[in-house]
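Chemist: return a 3D structure for these sequence lines:
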Amino acid sequence: MAKPTNMRTLVLTAVFLAILIIQVFVFPILGYLPLGAFVVGASVTIIQFTIAIGTIVIGTKQGMILGAFWGIFRLIQAWTTQGTLGSYMFMNPFTSIVPSIMVAVVVGLIARKAISSNKTSGRVGGFALAGALAAFTNTFFVTVFTWIGFNVMHFNGGTSGFKITTLGADFLPWFLSVIVGFNGIFEIIAGIIIVPLITVPVLKALKR
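Modeler: Model (predicted):
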């Protein structure tokens with residue numbers, strides 16, 4: 001199985017980075033699907049599947065770079081579009097960046113075995129698992145760092161952008177965790193479908 005050359009890796013990384021920019025800043029509907037919780041600034045995130053697919057196609061290292069960029073992008077987005085619970089949560093750089101990078105790390109462990117499979121069913125199953133784990137990883141670490149940010153670090157960077165007194169500081173971590181967890185269920189289902197659906201033909205086109 002031929003590995004991508006350095007030039008092709010660079011080009012593919014740039015392509016995936018451009019897709020991330022489009023999903024975050026140009027057409028957010030392509031990155032965040034509003035399924036009920038959008039009113040309070042939360043939505044089903046599908047950008048982690050871009051990270052997952054990029055990790056599978058061009059490697060874990062490049063996937064981590066893409067994840068870092070996504071984390072920085074949503075940190076910027078949180079600070080520049082204040083006024084929702086979602087933006088308040090991602091104003092913490094740990095919550096924004098660490099989960100994004102961990103998506104690539106976890107997917108990279110699964111993808112290596114899936115790509116080496118000579119059977120289409122093995123690849124599809126591996127990529128479906130990678131998609132589910134991408135969603136779970138993002139949800140898990142976002143929830144963990146949300147709790148750490150509020151309860152341990154006492155992060156309050158978004159106080160000026162959102163009046164948490166309307167809900168109560170003690171209630172907010174619970175409320176956000178429920179929203180993130182609820183959305184995570186739909187994201188796992190979406191990952192099982194989206195990642196193999198896109199990755200398999202992309203790898204065939206790249207003759208891998």
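
Chemist: make it CA atoms for all contacts and neighbour counts henceforth
Modeler: Fine.

Chemist: look up how far G86 lies from R123.
Modeler: 35 Å (Cα to Cα, to the nearest Å).

Chemist: and what of Y32?
Modeler: Using Cα to Cα, Y32 is found at 12 Å from G86.

Chemist: between the two, who's got more neighbours?
Modeler: More crowded of Y32 and G86, by other Cα atoms under 10 Å: G86, with 21 against 17.

Chemist: alpha carbons of the host helix or strand of that one, as CSV, please.
Modeler: According to DSSP states H and E, G86 maps onto helix 85-90. Taking Å, rounded to 0.1, in the frame of the first residue of the first chain, the C-alpha atoms of helix 85-90 are listed here in CSV:
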residue,chain,number,x,y,z
LEU,A,85,-23.9,29.2,26.3
GLY,A,86,-22.0,27.5,23.5
SER,A,87,-19.6,30.4,23.0
TYR,A,88,-19.2,30.8,26.8
MET,A,89,-18.1,27.2,27.1
PHE,A,90,-15.5,27.3,24.3
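
Chemist: can you give me the strands in this protein?
Modeler: Applying DSSP state E to the chain gives strands spanning 32-33, 44-45.

Chemist: list the neighbouring strands of the first one plus their orientation.
Modeler: Looking at strand 32-33 with DSSP bridges, its paired strands and their directions are strand 44-45 (antiparallel).

Chemist: pLDDT on the strand it pairs with, on average?
Modeler: Mean pLDDT, strand 44-45: 78.

Chemist: how far off centre is that strand?
Modeler: Taking the mean of its C-alpha atoms, strand 44-45 sits 8 Å from the chain's own mean (Cα atoms, centre = their mean, to the nearest Å).

Chemist: near T143, how many other residues are there?
Modeler: By other Cα under 10 Å, neighbour count at T143 equals 23.

Chemist: pLDDT wise, what is it at?
Modeler: The model reports T143 with a pLDDT of 85.

Chemist: same thing with the one 10 residues further on?
Modeler: The model reports M153 with a pLDDT of 55.

Chemist: give me the most central residue, the chain.
Modeler: Centroid-nearest residue in the chain: Q48, 2.8 Å away (criterion: Cα atoms, centre = their mean).

Chemist: need the contact list for it.
Modeler: Q48 makes contact with 100, 103, 134-135, 138 under the criterion Cα atoms under 8 Å, 6 or more residues apart in numbering.

Chemist: ok, and the most crowded of the residues you listed?
Modeler: Within the contacts of Q48, neighbour counts (other Cα under 10 Å) peak at A134, which reaches 34 neighbours.

Chemist: so that residue touches F49, yeah?
Modeler: Yes. Using Cα atoms under 8 Å, A134 is in contact with F49, at 6.7 Å.

Chemist: anything in contact with each of the two?
Modeler: Common neighbours of A134 and F49 (criterion: Cα under 8 Å, 6+ apart): G191.

Chemist: any idea how many residues pack against I21?
Modeler: Neighbour number of I21 under other Cα under 10 Å is 17.
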